[in-house]
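Engineer: Coordinates for the following, if possible.
(2 chains)
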Amino acid sequence: MRGPTLGIAASVPAPPSPAADVPCFHCGTLCRGAIFHNAEKAFCCQGCLTVFELLSENGLTDFYTLSEAAGVRVKVSAKPDQFKFLDEPAVHERLVDFSDARLTRVTFHISTIHCIACVWLLENLFRLKPGLGQSQVNFPRKEVALTFDPTQVKLSEVVTLLVSLGYEPELKLSSLESKPHNRTARRLWVQLALAGFAFGNIMLFSISSYLGLDMFAGPGFRKMTGLISFLLATPVVIYSALDYWRAAWTSLRQKLLNIDVPIAAGIAAIWVQSTYDVFSGRGEGYFDSLCGLIFFLLCGRMFQQKTYDRLAFDRDYKSFFPLSVTRKERRPPAGLDSITGAQRAGSETGTPIEKQVSLAQLQVGDRLIVRNGELISADAKLISGPALIDYSFVTGESEPVAKNEGDYLYAGGRQMGGAIEVETVKAVSQSYLTSLWNQDAFRKDRIETLNALTNKYSQRFTKLVFAISLGAGLFWAFANPALAVKSFTAVLIVACPCALALAAPFALGTAQRVLARRNVFLKNPYVLETLAKVDTVVFDKTGTLTAAGGGSVTWQGVRLAHTQNETLARQRLGVRQSSAAFDDPRHSKRQKTAAVQDLAAVRTLHQERDGLTEAEERWLYSMTRHSTHPLPVRIGEAITKQHFPEPVRSFLETPGQGMEGSVDGHEIWMGSAVWLESRGVVAGIQPAVEPGFQSGGTIVVSEARLLEPEATRSAQSNPGGRMPAATGSMVHVAIDGRYRGCFVLASAVRPETEQLVAGLSRNVEVSLLSGDNENDLQRFESLLGSEAALRFNQSPLDKLNFIKHRQQAGRTVMMVGDGLNDAGALKQSDVGMAVVENISAFSPASDVIIAAGMVTRTADVIRYAKQSVRIVRTAFWISAVYNAAGVAIAASGKLSPIVCAILMPLSSVTVVAFACGATAWLGRQTLRHGHVPAAASNREARP
Amino acid sequence: MIVIYLLIPLSIVIAVSFLAAFIWAVRSGQYEDTHTPSLRMLWEDRGPHEKTPPVAPATRPTRQYPDKE
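Structural biologist: Residues are numbered from 1 along each chain as shown, chains lettered A, B, ... in the order given. Predicted structure coming up:
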């Protein structure tokens, strides 16, 4: 992102162009003309230079040897009082982890941590400021835990230091909530260690008796090993198996028979039987099998607990909203209550103060200053504008909306352009967007659906096992009473569904890892079970099927040559295709062909292809570097990579209208048609009008006219073909007061969308919901087919209700969306899939986080989920075979410890090996790039 | 062979001490982040005269994560 600092940068004389592509010594960005020098090193901006100077003054130049150009470009310089609100007790107390008189400890999430040098610098932070203590970075989580002496340094100063180095901590509303503690993960490690330890040691002693070696050691030996086994195994049963006891108890109380009941019964049976054996001197019991069983079960649990530190699946608007807002105050601060009424009245009319306050303190009626790129935190009324609000996160509209004074602004919108002043109308939690979180969908507890597959099987399984064990016990009670109890417990022991319990965690856990390697992240492995059942897929348009900001940028030039007054004006048409999204050369070729075909109809026109000249391109490029508005930024990215910006004089941007400036002595205007017209320039190119003559003899060839027929044509005649982007925003350009042409920025449908829809619609119902207008209706109608539900202008609540409606019709619905506007629908749907351009970027609460590039392979992901579930079923059958064999032995009353010790691990290992192996292999088959898997691989998974 | 009655309990005691060491390692948070230490290892060592963190909390603060259970 190009910061506003560029205005200053441009005024520094640029060295000759060969030197201009020197990378910045600090951050590695190409300096592009504006270079700062220090110690023969080049820097791209003042911010980077300052960091370098700070580091070299404090002897921290090692930073640059650890990793080349490792720095983070400093985007914003912290305003002096920007973080003052952090020192307010209410915020401070909830933000820090620990605080006493001498030491404060705070953990920040810093998304710019990216390399070893970052870790080093952050852990050496204490060298930069007295009062700072030890700091520790958790690299996978991108977190830094800082300690400091609160008597010497304030929290706001620590944050200011971090910001000045380019490591801006994430200060969002959600940071105030208590941090998730990972006690369970630590406990699992200890439980696993204990079980593994006991398993190994008991097995060591048992082997001697299995092999009959204990005869050399005398009769006391067996007794001693039995006792030691008992002492080792009992803590395992009590502590390591704790979760199984709890789960079994809960499920019994709910009158459900889930998988934990037979496991707990088996563990109890083994322990009682073995304890009895040991103390009655009849043998050494089954303690080795018992610990092995618990160890394997915990391994499965560990495996399925895989989490992705970088990702958060439960974010809501609080992770999106800032922690503080800039409030404009006329009232005296609360501490000045004692001053007299007259004085207070004076301050009422006095100069307003801008103050950073935490969002929690925001009240209805407060005046807020919202700067470029900042978020509107609550529904508000615009007091002074003009505002240009990017609502893409709230409504899904792709283009920013211009607003005027008095207009109502929704929370979640982002201001683009200059600072505006707003007055809040609603509280943060009552705003249009945030009230979505008061919906029922957000209270729904998803836990009960977990592991449904295993539990469904275990229902039948448990009943069967108890029936057999009772039957065996009863049979032997009559046939041979000595064997009755033994056979009863033996059946319970051997039927303990270890393998059954391991099948799902390992198969689905492997599938989760396979998908994660392809940038599809599942909240937990059991999402696959639901994913396999999906029969309805609902897409959000913006950012999902259309690539955000990835559309093509097309230059449409008009050159009025010396023949302006002639009836036939010479018109030069340049179609310059940038390959931002479509790097397919055929695309631009087809576009050109279309242009030719279309223009051929207007025989009277004489056209020539013409684009911008090198110099013109460079001027426009220099202009775009001064704006942060998304359109100029996209143009700037698209124009070229070979140009170096030239200094721009008297640059002025009118938010929502356009920008002007002088480059190389030429006056450049870029903006909307209306804005240009207000300056006396008629925009020669206008959207969606017939080609023809306009006032002043300018020939109008509409971009939309040029491309639309082609789009429709290709959709009708060649449904498999790619569709060029047809609609888009236009940025008009005038040079030296003469109209030059316009850039058309298309919102592009992802290139493989068609293939995706074709792949999906064979098996599932596909619908499209969009918060955007109906511009693209036709395009998507031809894409998705006539029977698909297409809804435009959908509010977040409409989307949620649509999903609910489909669910009531008995469908299993998957929602694919990206913004906060989809949050309700994502939550309501059975599987919510959040699409992100950047994996560490914000995504609303969901079950699956998928990288934008993988969206087109959704059909494959669903198919893979189905295959994984089939593998789990197969594994169930394998474990059933083992159990049947074991039960047959046990029911006959002949189960010896050694048979048990072999059978149990063997069944577990086979099932785990099959589950992992088959899932990984199928993953390679199904998700291989561009490969449509043969039906054979599906058959393979069947039993 | 009578010595086995001494050796086996002794071996168990040693093994238990390793288990205890592991549990200590887990509890002190060494398994929280297994990636960053591998990066720290690559840094140049600084001489003994180098400045060390002034406020060095040797033990982790007890209230590290506010418990809500």
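Engineer: so A:Glu354, which of the three states?
Structural biologist: strand (DSSP: H, G, I helix; E, B strand; the rest coil).
Engineer: surely it meets A:Lys328?
Structural biologist: Yes: contact status for A:Glu354 versus A:Lys328: in contact at 5.8 Å, counting by CB atoms under 8 Å. To be clear about C-beta, it is placed using only N, CA and C from the backbone, and glycine gets the same treatment.
Engineer: Please enumerate the shared neighbours of the two.
Structural biologist: A:Ile369 (CB atoms under 8 Å, 6 or more residues apart in numbering or on different chains).
Engineer: Next, A:Ala411: secondary structure please.
Structural biologist: Classification of A:Ala411 by three-state DSSP places it in coil.
Engineer: roughly how far apart are it and B:Ser28?
Structural biologist: In this view, A:Ala411 and B:Ser28 are 43 Å apart by CB to CB, to the nearest Å.
Engineer: for chain A, which helix is longest?
Structural biologist: Ranked by residue count and defined by DSSP state H, the top helix of chain A is helix A:858-891.
Engineer: For that helix, what does the pLDDT average out to?
Structural biologist: In this model, helix A:858-891 has a mean pLDDT of 86.
Engineer: re earlier: so between A:Ala411 and B:Ser28, which is more surrounded?
Structural biologist: Neighbour count, other CB atoms under 10 Å in any protein chain shown: between A:Ala411 and B:Ser28, A:Ala411 has more, with 26 against 12.
Engineer: Grab the nearest non-local neighbour of the more buried one.
Structural biologist: A:Ser431 (3.8 Å; CB to CB, 6 or more residues apart in numbering or on different chains).
Engineer: Over to A:Val394?
Structural biologist: That would be A:Gly412: by CB to CB, 6+ apart, it lies 4.0 Å from A:Val394.
Engineer: The worst-scoring helix or strand of chain B on mean pLDDT vs chain A: in contact?
Structural biologist: Ranked by mean pLDDT, DSSP states H and E, the weakest helix or strand in chain B is helix B:36-40, scoring a mean of 83. Yes: contact of helix B:36-40 with chain A (CB under 8 Å from any CB of the partner chain) involves B:36, B:39-40.
Engineer: Return the set of buried residues in the longest helix of chain A.
Structural biologist: A:858-876, A:878-880, A:882-883, A:886-887, A:889-891 (16 or more other CB atoms under 10 Å in any protein chain shown).
Engineer: So the residue nearest to A:Ala411 sits against A:Ala378, correct?
Structural biologist: Yes: in this structure, A:Ser431 is within contact of A:Ala378 by CB under 8 Å, at 5.2 Å.
Engineer: For the nearest residue to A:Val72 once chain neighbours are set aside, grab the count of nearby residues.
Structural biologist: Leaving aside its chain neighbours, A:Val72 sits nearest to A:Gly166 (3.3 Å; criterion: CB to CB, 6+ apart). By other CB under 10 Å, 21 other residues sit near A:Gly166.
Engineer: Let me know the secondary structure of A:Gly166.
Structural biologist: With three-state DSSP as the basis, A:Gly166 sits in coil.
Engineer: Hmm, it is touching A:Val51, no?
Structural biologist: Yes: using CB under 8 Å, A:Gly166 makes contact with A:Val51 at a distance of 6.6 Å.
Engineer: so what sits against both of these two?
Structural biologist: Common neighbours of A:Gly166 and A:Val51 (CB under 8 Å, 6+ apart) are A:71, A:74.
Engineer: Give me the pLDDT value at residue 17.
Structural biologist: With no chain named, the answer covers chain A. Listed pLDDT for A:Ser17 reads 43.
Engineer: that's the wrong chain, I wanted chain B
Structural biologist: pLDDT, B:Ser17: 95.
Engineer: in what helix or strand does it lie?
Structural biologist: Per DSSP states H and E, B:Ser17 falls inside helix B:4-27.
Engineer: what does that helix contact?
Structural biologist: For helix B:4-27, using CB under 8 Å, 6+ apart, the contacting residues are A:186, A:189-190, A:193-194, A:197, A:201, A:205, A:217, A:220-221, A:224-225, A:228, A:232, B:31.
Engineer: What strand or helix carries A:Leu464?
Structural biologist: helix A:452-479.
Engineer: Look through chain A and state the residue closest to chain B.
Structural biologist: A:Gly133 (3.3 Å; CB to the nearest CB).
Engineer: Neighbouring strands - and their directions - for the helix or strand hosting that residue?
Structural biologist: Using DSSP H and E, A:Gly133 maps to strand A:132-138. Looking at strand A:132-138 with DSSP bridges, its partner strands are strand A:143-148 (antiparallel).
Engineer: outside of the strand it pairs with, which residues touch it?
Structural biologist: Residues contacting strand A:143-148 (CB under 8 Å, 6+ apart): A:97, A:103-110, A:113, A:122, A:125, A:131-138, A:155, A:158, A:167, B:55, B:57.
Engineer: Are any of those buried, and if so which?
Structural biologist: Applying 16+ other CB under 10 Å to the contacts of strand A:143-148 flags A:97, A:103-110, A:113, A:122, A:125, A:131-138, A:155, A:158, A:167, B:55 as buried.
Engineer: now the longest helix of chain A and helix A:452-479, what's the angle there?
Structural biologist: 10 degrees (axes from the mean of the first three to the mean of the last three CA atoms, to 10 degrees).
Engineer: what packs against helix A:858-891?
Structural biologist: helix A:452-479, helix A:481-495, helix A:498-517, helix A:527-533, helix A:753-761, helix A:897-927, helix A:935-941 (3 or more CB pairs under 8 Å, 6 or more residues apart in numbering or on different chains; DSSP states H and E).
Engineer: will you turn the ones you listed into JSON lines that also has mean pLDDT, distance to chain B and mean neighbour count?
Structural biologist: Compiled in JSON lines, the helices and strands packed on helix A:858-891 are given as follows (pLDDT from 0 to 100; distance: least, CB to the nearest CB, whole Å; neighbours: other CB atoms under 10 Å in any protein chain shown):
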{"stretch": "helix A:452-479", "mean pLDDT": "81", "distance to chain B": "26", "mean neighbour count": "17"}
{"stretch": "helix A:481-495", "mean pLDDT": "78", "distance to chain B": "26", "mean neighbour count": "23"}
{"stretch": "helix A:498-517", "mean pLDDT": "85", "distance to chain B": "16", "mean neighbour count": "25"}
{"stretch": "helix A:527-533", "mean pLDDT": "86", "distance to chain B": "25", "mean neighbour count": "24"}
{"stretch": "helix A:753-761", "mean pLDDT": "76", "distance to chain B": "35", "mean neighbour count": "19"}
{"stretch": "helix A:897-927", "mean pLDDT": "85", "distance to chain B": "19", "mean neighbour count": "20"}
{"stretch": "helix A:935-941", "mean pLDDT": "31", "distance to chain B": "34", "mean neighbour count": "13"}
